[in-house]
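Engineer: pasting the sequence and the predicted model now:
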Amino acid sequence: MVSHSRRGLHHLRDLVNQDQQGFATNVYARLFSIEPSLRDLFGPSMTEMRSKFVGVIDHVLETIPAPSGQDELVEFLAQLGRDHRKYGIAPEYYNVMYQALMDEFAAMMDTDWDPETQQAVSQAMLLTTGVMRGAAQMAEGPVHWTADVVEKFRISRDLAVVRLVAQEPPSYKTGQYLEVKVPQWPKTWRNLSPAIPPNNGGELEFHVRAVPGGLFSTSVVKETTVGDRWTFAQAHGTLHLEPGRPVLMVAGGTGLAPLRALLLDMARRVDQLPTHIFYGARYPGELYDLAVLRRICATNPWLTVTAVSEHTEDPWWLDAKVTPSALGFEHRYGTLANVIVGYQDWSDHQVLVAGSPDMVESTRTRLIITGVPARRIQHDPLS
């Protein structure tokens, strides 16, 4: 029976992956048919939600019949349940999702939906919904907290700095990122990294670049105004510094934000490890925060900054006020990954990388090839 159950879960996973979007669309259609009010909890576009949903189901169907990994799966589902509090998911809605999933699985498997397979799938989905529901109910702290925009200025046509003050000092760790919702998109959540450490004044700062085709980021850059109230949910991420080993930081564009927050936190203490940060962008004029790094360097001799740009000159639409050289920084040209691996041997360093998924993956791969142990390279989840 155990072997049959495992085959059933593997077969079901194969069926899901044959048409991921169709599977997700059908499950949500069943969900909203059983409980129409649930549709109002999500934004107008369900594309990203469906993609993540399929990823979760695929992970569950892969891990449950596997010889190991179940403990990690439970913690993953628990975190997912805590994350879903921000959508206003009531405990009873998990039963509705269980029913929608089971109905769709039965339809997909057709004549292969025998009692043993049904029982195995039922146990897997009861685990999934049960762990998520229990973790959400046991989670401590508020579901949401808010902060008001007190300053916003445009660095360039597609980059803005937004500063806010929270009603109460927020609870997150330096280097983490936060789930954020803005009034222009009241049902859409995105992850943003604070560029300053948490503080008793409740002050926050975010650096946001308008991503091509990104409605949320474009709205923040173009439409955010002083007085807007942003809503925040959970903090995520584990970027941190280990004692006893020199530090290499790699920041691409607005990926500087969490590393900048860590540097500001480090600057509060006099005894710090030697730290070298490579700050890169396409054009020299997009290295928007070099002046702040210059001020940190001025009083912290443990910090070295190298500016990196893929191009030597700015395009016509960029009006950079100060060049890296004028600020006294070394300026190298090329991609971050190429510049870093050609700079020196980093195998004795701990490494923190933040930026676009492509940059992070490229830099990580190149560093591993040159001898940096993978366990000493940190970055946030790639998505």
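Structural biologist: Cool, the structure landed.
Engineer: SS state for residue 184?
Structural biologist: At residue 184 the chain is in coil, as set by DSSP: H, G, I helix; E, B strand; the rest coil.
Engineer: so it versus residue 152, what's the distance?
Structural biologist: 13 Å (CB to CB, to the nearest Å). All C-beta spots, glycine's among them, are computed from the backbone N, C-alpha and C.
Engineer: neighbour-wise, which of these two wins?
Structural biologist: residue 152 (19 against 16; other CB atoms under 10 Å).
Engineer: quick one: the helices in the stretch 201-350 of the chain, in order.
Structural biologist: Taking DSSP state H, counting those that start in this stretch as the test, the helices found in the stretch 201-350 of the chain are 215-223, 256-266, 290-299, 336-341.
Engineer: need the longest helix for this protein.
Structural biologist: helix 115-138 (DSSP state H).
Engineer: now do the top strand by length along the chain: which elements does it pack against?
Structural biologist: Counting by DSSP state E, the longest strand found in the chain is strand 145-156. Where contact means 3 or more CB pairs under 8 Å, 6 or more residues apart in numbering; DSSP states H and E, strand 145-156 is packed against strand 159-166, strand 229-236.
Engineer: mean confidence for that strand?
Structural biologist: Mean pLDDT, computed over strand 145-156, is 95.
Engineer: quick one: that strand to chain centroid distance?
Structural biologist: Centre-to-centre, strand 145-156 and its host chain are 20 Å apart (CA atoms, centre = their mean, to the nearest Å).
Engineer: tell me the angle of it relative to strand 229-236?
Structural biologist: Here strand 145-156 points in a direction 100 degrees away from that of strand 229-236 (axes from the mean of the first three to the mean of the last three CA atoms, to 10 degrees).
Engineer: quick one: contacts of strand 145-156?
Structural biologist: With contact meaning CB atoms under 8 Å, 6 or more residues apart in numbering, strand 145-156 is reached by 160-168, 170, 202, 204, 221, 224-232, 285-286, 288, 317-319.
Engineer: before we move on, back to that, with mean neighbour count and mean pLDDT added, can I get the helices of the stretch 201-350 of the chain in CSV?
Structural biologist: CSV is the format used below for the helices of the stretch 201-350 of the chain (neighbours: other CB atoms under 10 Å; pLDDT from 0 to 100):
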stretch, mean neighbour count, mean pLDDT
helix 215-223, 18, 95
helix 256-266, 23, 97
helix 290-299, 15, 94
helix 336-341, 22, 97
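Engineer: any chance of these in CSV, plus distance to residue 193?
Structural biologist: Shown next, in CSV, are these (distance: least, CB to CB, whole Å):
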stretch, distance to residue 193
helix 215-223, 13
helix 256-266, 4
helix 290-299, 15
helix 336-341, 18
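Engineer: figure out which of the ones you listed is closest to residue 360.
Structural biologist: Across those, residue 360 has its closest neighbour in helix 336-341 (9.6 Å, CB to CB).
Engineer: give the other helices and strands that the closest one contacts.
Structural biologist: Here helix 336-341 touches strand 247-252, strand 275-281, strand 303-309, helix 357-369, going by 3+ CB pairs under 8 Å, 6+ apart.
Engineer: what about residue 72, distance to residue 78?
Structural biologist: Distance of residue 72 to residue 78, computed by CB to CB: 11 Å.
Engineer: quick one, which of the two is more surrounded?
Structural biologist: Applying other CB under 10 Å to residue 72 and residue 78 shows that residue 78 carries more neighbours, namely 17 against 11.
Engineer: wait, that one touches residue 133, no?
Structural biologist: No: counting by CB atoms under 8 Å, residue 78 stays clear of residue 133, with 10.1 Å between them.
Engineer: hey, what's in contact with both of the two?
Structural biologist: Joint contacts of residue 78 and residue 133 (CB under 8 Å, 6+ apart) do not exist.
Engineer: which secondary structure elements does the lowest-mean-pLDDT helix or strand in the chain contact?
Structural biologist: Lowest mean confidence among the helices and strands of the chain (mean pLDDT, DSSP states H and E): helix 2-18, at a mean of 86. Helices and strands touching helix 2-18, by 3+ CB pairs under 8 Å, 6+ apart, are helix 47-63, helix 93-109, helix 115-138.
Engineer: out of those, flag the one nearest residue 195.
Structural biologist: Nearest to residue 195, of all these, is helix 47-63, at 24.6 Å by CB to CB.
Engineer: restricting to C-alpha, output that closest one in CSV.
Structural biologist: In CSV, the C-alpha atoms belonging to helix 47-63 read as follows (Å, rounded to 0.1, in the frame of the first residue of the first chain):
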residue,chain,number,x,y,z
THR,A,47,-0.9,35.2,-12.3
GLU,A,48,1.9,35.5,-9.7
MET,A,49,-0.4,33.9,-7.0
ARG,A,50,-1.1,30.9,-9.2
SER,A,51,2.6,30.4,-10.0
LYS,A,52,3.5,30.4,-6.3
PHE,A,53,0.6,28.1,-5.5
VAL,A,54,1.8,25.5,-8.0
GLY,A,55,5.2,25.7,-6.6
VAL,A,56,3.9,24.9,-3.1
ILE,A,57,1.8,22.0,-4.3
ASP,A,58,4.7,20.6,-6.3
HIS,A,59,7.0,20.9,-3.2
VAL,A,60,4.4,19.0,-1.1
LEU,A,61,3.9,16.2,-3.6
GLU,A,62,7.6,15.8,-4.0
THR,A,63,8.6,15.9,-0.3
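Engineer: can you name the element that comes right after it?
Structural biologist: Sequence order places helix 70-83 as the next helix or strand after helix 47-63, per DSSP states H and E.
Engineer: centre of the chain to that next one, how far?
Structural biologist: In this view, helix 70-83 has its centroid 16 Å away from the chain centroid, taken as CA atoms, centre = their mean.
Engineer: in it, which residues are buried?
Structural biologist: 73, 76, 77, 78, 79, 80, 81, 82, 83 (16 or more other CB atoms under 10 Å).
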